[in-house]
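Q: Return a 3D structure for these sequence lines:
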Amino acid sequence: MIQPLNATLSALQAFGQKMGITAGNIANVNTDGYKKSQAILEEGRQGEVEVREQRIDTPGLPLGPPETGEPAAREGSNVALEEEIPEFITAVYGFKANLKTVQAQDEMLGHLLNIVA
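A: Now for the predicted structure:
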C-alpha cells in the first residue's frame, strides 16, 4: 500500500475509535459508578496512527448517603459533558479531514492513470 495512504487510513480508523469512546462516555453520563475512558492518539513505528485507550479513575459526584445495607455512599459517573462534547467535535473534524485526504489521493491517482493510459 502507498505509505501516505496507509497513514491516512490508520488516522481514519483512529478518529473513528476516538468518536466511539467519546460517544460511550456521553451515553453513560448518568450511569452510577461509570468511569470514563480517554482515547490517546499516538504515532506508530511506520508513521501510522495508533489509539491507546486509558480509563480515567477519578471519583464521580457523590449521590447521597448510603442506603440501608450498602457499605458506602453511591457515586455518580465521572463524565463531564463540557469536556466530552469538544473531544467529540475534534474527533469528527479529524475524521473529516482525513477523509478529504483519501478523496484527494484517489482523485490524483485517477488523473495519473488517465495520463499514463
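
Q: What's the separation between the nearest residue to L99 once chain neighbours are set aside and K36?
A: Nearest residue to L99 in three dimensions, chain neighbours excluded: L12, at 6.5 Å (C-beta to C-beta, 6 or more residues apart in numbering). To be clear about C-beta, it is placed using only N, CA and C from the backbone, and glycine gets the same treatment. The gap separating L12 from K36 is 24 Å, by C-beta to C-beta, to the nearest Å.

Q: between those two, which one's more packed in?
A: Set side by side, L12 and K36 show more neighbours around K36, with 23 against 19, by other C-beta atoms under 10 Å.

Q: follow-up on the earlier one: hang on, isn't the residue nearest to L99 packed against V102?
A: Yes: at 7.0 Å, L12 counts as touching V102 under the criterion of C-beta atoms under 8 Å.

Q: Overlap of the contact sets of these two?
A: Residues touching both L12 and V102 (C-beta atoms under 8 Å, 6 or more residues apart in numbering): there are none.
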